[in-house]
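Trainee: Return a 3D structure for these sequence lines:
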Amino acid sequence: MRMSLAQRVLLTWLFTLLFLIMLVLKLDEKAPWNWFLIFIPVWIFDTILLVMLIVKMAGRCKSGFDPRNGSQNIKKKAWYLVAMLLKLAFCLALCAKLQRFTTMKLAYVFIPLWALLIGGMVELGYNIFYVRRD
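Mentor: Numbers count the residues shown, from 1 in each chain. So this is what the prediction gives:
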């Protein structure tokens, strides 16, 4: 299943809109829902992205795959997988903190997000300043 750019953008907007509507209802105290329920659009969207990423990574295992120029590609996909897991860890920790399931300090809740942002900055710098020496 290959999604076009327009489909991906539409899907992203749809899940973002659903999440924002649920968040506003929760913050206005019109919906007494659990914080984990508020994040359902985020969980669904992340699950779709993770499945697509894992399927693409598993495609390297099929017979007839040409591994040339795949080393950089697999590193990028591995970074995307780590980034998705860091985002998931942040969302889970945030929901647990907001729902008062844990007494964890707020600074500790944000550690996965900080790691994600630092990793994103490193990748950005690498993509901007890296010059191939062939």
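Trainee: List the buried residues for the lengthiest helix in the chain?
Mentor: In the chain, taking DSSP state H as the definition, the longest helix is helix 71-98. Within helix 71-98, the residues scored as buried using 16 or more other CB atoms under 10 Å are 77, 80, 83-84, 86-95, 97-98. Every C-beta, even on glycine, is put in place using the N, C-alpha and C of the backbone.
Trainee: Can you give me every residue that contacts the residue nearest the centre of the chain?
Mentor: Nearest residue to the geometric centre of the chain (CA atoms, centre = their mean): Met84, 3.4 Å. Going by CB atoms under 8 Å, 6 or more residues apart in numbering, Met84 touches Asp46, Leu49, Leu50, Leu53.
Trainee: Closest one of the residues you listed to Leu117?
Mentor: Using CB to CB, Asp46 comes nearest to Leu117 of these, at 17.1 Å.
Trainee: re earlier: from Met52, how far off is the residue nearest to the centre of the chain?
Mentor: 10 Å (CB to CB, to the nearest Å).
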